[in-house]
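quick one, fold the following:
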Amino acid sequence: MKLLTLICAMMFITSAPSSVYTFKLKTIDGKDFSLAKYKGKKLLIVNTASKCGFTPQYAELQKLADQFKDKVVVVGFPANNFGGQEPGTNSEVKEFCQKNFGVTFPLSSKVSVKGDDIDPIFAYLTTAPNPDFTGEIKWNFEKFLIDENGKLIHRYRSTTKPLSDDITKAL
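As a prediction, the model looks like this:
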């Protein structure tokens with residue numbers, strides 16, 4: 001399985017998109033959307049889960065989205081890849097995020113962030129050059145900071161809090 005994933009990633013790299021703006025996505029409500037509408041702002045893309053030790057980061061992600069709304073758009077991508085920690089439907093995830101953390105930032109429909117069924121945007125993000133590291137996502141709430149032109153500029157592990165200096169200084 002890992003060999004197949006590596007081969008797919010290598011094939012993907014040879015025809016890699018030039019930015020995150022090229023991907024076709026679905027909102028948590030099932031509507032088509034494109035990250036291109038956020039050109040000119042940074043994006044913080046986060047793989048999320050509702051039943052994880054890092055789930056309280058939703059609150060900080062919302063604060064970041066509110067506090068730095070002129071500079072960055074937070075986009076959450078619910079995923080059930082780690083320990084079954086995002087078992088709900090899209091509507092259940094949306095309700096959970098709004099009820100418990102007041103989430104108003106954009107959420108995608110549930111995706112896979114690793115493995116044979118990895119969503120193309122995460123295949124791109126985990127292989128795109130950046131000064132931090134590449135490779136498979138290790139857990140929920142990894143963060144990818146995208147510049148105003150749609151290029152990955154930083155990647156942060158789950159333990160990096162959304163309002164940490166590492167992230168806010170890069171905005």
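
please enumerate the strands of this protein.
Counting by DSSP state E, residue ranges of the strands within the chain are 25-26, 32-33, 42-48, 72-78, 143-146, 152-156.

residue 39: what's it in contact with?
Applying Cβ atoms under 8 Å, 6 or more residues apart in numbering, one finds that residue 39 lies in contact with 21, 148, 149, 150. All C-beta spots, glycine's among them, are computed from the backbone N, C-alpha and C.

filter those residues down to the buried ones, ChimeraX style.
To isolate the buried subset of the contacts of residue 39 in ChimeraX, counting by 16 or more other Cβ atoms under 10 Å, use the following:
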select :21,150
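
now the strands of the chain as a markdown table including distance to residue 165 and mean neighbour count?
Formatted as a markdown table, the entries for these read as follows, by distance: least, Cβ to Cβ, whole Å; neighbours: other Cβ atoms under 10 Å:
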| stretch | distance to residue 165 | mean neighbour count |
| --- | --- | --- |
| strand 25-26 | 30 | 16 |
| strand 32-33 | 31 | 12 |
| strand 42-48 | 15 | 24 |
| strand 72-78 | 15 | 24 |
| strand 143-146 | 13 | 24 |
| strand 152-156 | 12 | 20 |
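
nearest to residue 124, of those?
When the strands of the chain are compared for distance to residue 124 using Cβ to Cβ, the nearest one is strand 152-156, at 8.1 Å.

who does the closest one pair up with?
strand 143-146 (antiparallel) (DSSP bridges).

and the partner strand, C-alpha only, in CSV?
Written as CSV, here are the backbone C-alpha positions of strand 143-146 (Å, rounded to 0.1, in the frame of the first residue of the first chain):
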residue,chain,number,x,y,z
LYS,A,143,-1.6,22.9,9.2
PHE,A,144,-0.5,24.2,5.8
LEU,A,145,0.1,27.9,5.3
ILE,A,146,-0.4,29.0,1.7
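
now for the closest residue to residue 138 other than its chain neighbours: which residues touch it?
Nearest-residue entry for residue 138: residue 157, 6.7 Å, with adjacent residues in sequence omitted and distances by Cβ to Cβ, 6 or more residues apart in numbering. For residue 157, the contacting residues are 138, 139, 142, by Cβ under 8 Å, 6+ apart.

filter those residues down to the buried ones, ChimeraX style.
Here is the ChimeraX command that picks out the buried ones among these, judged by 16+ other Cβ under 10 Å:
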select :139,142
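
Throw the contacts of residue 157 into a markdown table and include distance to residue 96 and pLDDT, thanks.
Rendered in a markdown table, the data for the contacts of residue 157 read as follows (distance: Cβ to Cβ, whole Å; pLDDT from 0 to 100):
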| residue | distance to residue 96 | pLDDT |
| --- | --- | --- |
| 138 | 23 | 97 |
| 139 | 19 | 98 |
| 142 | 20 | 98 |
